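Participant: My questions concern the predicted model and sequence given below.
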Amino acid sequence: MSEAPVRVSKGQAGEDPASVPLARIDVSDSELFATDTLYGFFERLRREDPVHFCADSDFGPYWSVTRYDDVVAVEKDPETYSSAVSITVVDPEPDFPLEAGFITMDGAKHDAHRAVVQPVASPRNLKVLEPLIRERAIEILDGLPVGETFDWVDRVSVELTTSMLATLFDFPKEEQRKLTFWSDMATSSPLNNIGPLDHSEEERRAALMECLDVFQQIWKERQGGAPTERLDFVTALANADATRDMPPMEYLGTLILLIVGGNDTTRNSISGGVVALNEQPDEYQKLRENPGVIPNMVSEIIRWQTPLAHMRRTATRDAELRGKTIRKGDKVVMWYVSANRDEAIFEDGNRLWIDRPNARRHLSFGIGTHFCMGSRLAEMQLRVLWEEIGNRFHQVEVVGEPERVFSSFVKGYETLPVRVHPR
């Protein structure tokens with residue numbers, strides 16, 4: 001087993017964003033996200049160089065698109081800006097050909113594969129799922145140790161989202177934490193200095209192959225399965241014309257896409273909402289006085305947190321964007337985390353404003369062809385959870401510094417120490 005790499009700080013996280021030479025700014029630096037010092041750099045890019053070229057990063061040269069309107073323009077032009085190579089700033093590993101499922105497909109194949117799993121997140125299926133989400137939220141919240149410090153990420157955020165993810169896959173409840181483990185392995189990479197460095201690249205790849213082995217057996221069991229009241233992802237994939245013959249690594253990529261999409265985004269918004277409301281107690285009081293604001297607050301939390309910080313496209317031809325010439329083959333990174341705080345769209349964008357009038361304009365779910373198919377499910381989980389939190393607790397109090405994920409893709413929390421105070 002090879003040794004895990006040792007991180008070397010670039011120093012940006014400790015610098016004044018205004019003092020760093022523009023050409024040296026590298027917003028893909030995961031340390032900025034782990035230390036929550038990213039926003040000043042994005043503000044400067046939006047103001048001075050909204051389509052910014054970084055020639056030297058851990059992930060090679062790339063363009064940063066940081067303003068809202070420009071991100072929308074790139075998202076809505078898949079013929080020029082393709083998702084086929086990769087959806088993150090990290091390039092594919094040549095000796096481990098993991099595909100990222102239909103999110104890295106364009107055109108008809110993307111549409112066909114997405115259509116197979118879309119019904120799992122349909123309004124009809126969500127109607128069946130909502131009572132189950134509420135039941136599990138109640139069980140989790142009623143089991144919290146009142147008056148004691150505990151980790152909100154583990155006890156609430158991970159537990160609720162993983163439970164629902166297991167339901168969407170019809171995965172054994174007693175083994176559901178494997179889904180969390182595989183999700184964390186998929187989005188961390190010692191090879192690329194992303195995520196915790198407590199495992200080697202060989203261990204990461206072995207974990208992902210374990211995921212494939214487990215789900216290949218489930219696939220075999222569900223082939224030819226009769227439709228049930230509540231459709232699951234594997235049954236859908238195993239029995240649809242478009243996907244029943246997909247190669248193993250494409251199947252694994254689709255699984256990882258669905259696991260990460262159903263896990264990381266919701267779990268980090270659940271934790272992010274607690275952090276934001278503690279930072280802005282006036283907004284927390286507003287919530288107590290008017291629980292009817294919760295649906296809008298959910299959208300605002302997702303905007304404020306932006307649980308996936310970016311998506312990447314690759315130019316299929318030479319193009320011009322805001323006066324910059326982007327060459328065929330160039331890596332183009334759309335920073336949702338910047339667009340969601342663009343002053344031209346969101347007044348005082350760094351502030352959580354739970355009744356913000358245009359909160360739903362956020363880009364956390366993307367826009368256009370690749371708009372997140374699970375957006376309504378994510379919103380439902382957050383809405384139900386905050387309704388039940390309000391029924392029980394005066395406050396979920398943050399009592400220590402959160403530990404943030406070392407990643408410029410997954411913008412989230414490793415731990416969040418809290419205490420809950422009853423109403």
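Facilitator: Arrived safely, thanks for sending.
Participant: Go through the helix or strand of the chain with the lowest mean pLDDT and flag the buried ones.
Facilitator: In the chain, no helix or strand scores lower on mean pLDDT, DSSP states H and E than helix 107-117, which sits at a mean of 71. Residues of helix 107-117 classed as buried by neighbour count (16 or more other Cβ atoms under 10 Å): 110, 113, 114, 116, 117. Bear in mind the C-beta positions are built from the backbone N, C-alpha and C, glycine included.
Participant: Redo those residues as a markdown table? Include distance to residue 88.
Facilitator: Below are the buried residues of helix 107-117 laid out as a markdown table (distance: Cβ to Cβ, whole Å):
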| residue | distance to residue 88 |
| --- | --- |
| 110 | 17 |
| 113 | 19 |
| 114 | 19 |
| 116 | 23 |
| 117 | 21 |
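Participant: if we can go back for a sec, tell me which helix or strand comes right after the least confident helix or strand of the chain.
Facilitator: The helix or strand immediately downstream of helix 107-117 is helix 123-142, counting by DSSP states H and E.
Participant: can you give me the mean pLDDT across the helix or strand just after that following helix?
Facilitator: Later in the chain than helix 123-142, the nearest helix or strand by DSSP H and E is strand 150-151. Mean pLDDT, computed over strand 150-151, is 98.
Participant: Stretch 380-392 now?
Facilitator: What stretch 380-392 shows for mean pLDDT is 96.
Participant: what's it in contact with?
Facilitator: 126, 129-130, 133-134, 137-138, 141-142, 156, 160-161, 164, 266, 269-270, 273, 287-288, 291, 294-295, 297-298, 301-302, 396, 420, 422-423 (Cβ atoms under 8 Å, 6 or more residues apart in numbering).
Participant: Just the buried subset of the residues you listed, please.
Facilitator: For the contacts of stretch 380-392, a burial check counting by 16+ other Cβ under 10 Å picks out 126, 129, 133-134, 137, 141, 156, 160-161, 164, 266, 269-270, 273, 287, 294, 297-298, 301-302, 396, 420.
Participant: hang on, the earlier thing: which of the contacts of stretch 380-392 fall in strands?
Facilitator: Taking DSSP state E as the definition of strands, the contacts of stretch 380-392 contribute 396, 420, 422.
Participant: Leaving out sequence neighbours, find the closest residue to the second one.
Facilitator: Pointing back at residue 420 there. If the residues on either side of it in the chain are set aside, residue 420 comes closest to residue 393, at 4.8 Å by Cβ to Cβ, 6 or more residues apart in numbering.
Participant: Please name the bridge partners of the one you found.
Facilitator: Beta-bridge partners for residue 393, by DSSP bridges, are residue 422.
Participant: correct me, but it touches residue 419?
Facilitator: No: between residue 393 and residue 419 there is no contact under Cβ atoms under 8 Å: 9.8 Å.
Participant: so where's the stretch 151-300 of the chain shaky on pLDDT?
Facilitator: By pLDDT under 70, the low-scoring segments of the stretch 151-300 of the chain are 191-192, 197, 225-230.
Participant: For the nearest residue to residue 286 once chain neighbours are set aside, which residues are in contact?
Facilitator: The spatially closest residue to residue 286, leaving aside those adjacent along the chain, is residue 354, at 6.0 Å (Cβ to Cβ, 6+ apart). Taking Cβ under 8 Å, 6+ apart, we find residue 354 in contact with 283, 286, 287, 293, 296, 297, 300, 301.
Participant: Pretty sure residue 26 sits against residue 56.
Facilitator: Yes: the pair residue 26 and residue 56 qualifies as a contact (Cβ under 8 Å) at a distance of 7.2 Å.
Participant: neighbour-wise, which of these two wins?
Facilitator: More crowded of residue 26 and residue 56, by other Cβ atoms under 10 Å: residue 26, with 21 against 9.
Participant: Next one: that one from residue 184, what distance?
Facilitator: Using Cβ to Cβ, to the nearest Å, residue 26 is found at 24 Å from residue 184.
Participant: burial count for the nearest residue to residue 185 once chain neighbours are set aside?
Facilitator: Sequence neighbours aside, residue 207 is the residue nearest to residue 185 in space, at 4.3 Å (criterion: Cβ to Cβ, 6+ apart). By other Cβ under 10 Å, 16 other residues sit near residue 207.
Participant: ok, now how distant is residue 207 from residue 193?
Facilitator: According to Cβ to Cβ, residue 207 and residue 193 sit 18 Å apart.
Participant: Let me see the backbone angles for residue 324.
Facilitator: Backbone torsions of residue 324, given as degrees, to the nearest 10, read phi -100, psi 140.
Participant: just checking, it touches residue 51?
Facilitator: Yes: look at residue 324 against residue 51 with Cβ under 8 Å: they come within range, at 4.5 Å.
Participant: Mind listing the shared neighbours of these two?
Facilitator: With Cβ under 8 Å, 6+ apart as the test, residue 324 and residue 51 both reach residue 63.
Participant: which one of the two has more residues nearby?
Facilitator: Using other Cβ under 10 Å as the criterion, residue 324 and residue 51 rank with residue 51 on top: 20 against 14.
Participant: Output the below-cut-off pLDDT ranges for the stretch 1-150 of the chain.
Facilitator: The stretch 1-150 of the chain contains residues with pLDDT under 70 at 1-6, 8, 95-107, 109-110.
Participant: where along it do the strands fall?
Facilitator: For the stretch 1-150 of the chain, the strands defined by DSSP state E, counting those that start in this stretch cover 51-54, 62-65, 81-82, 150-151.
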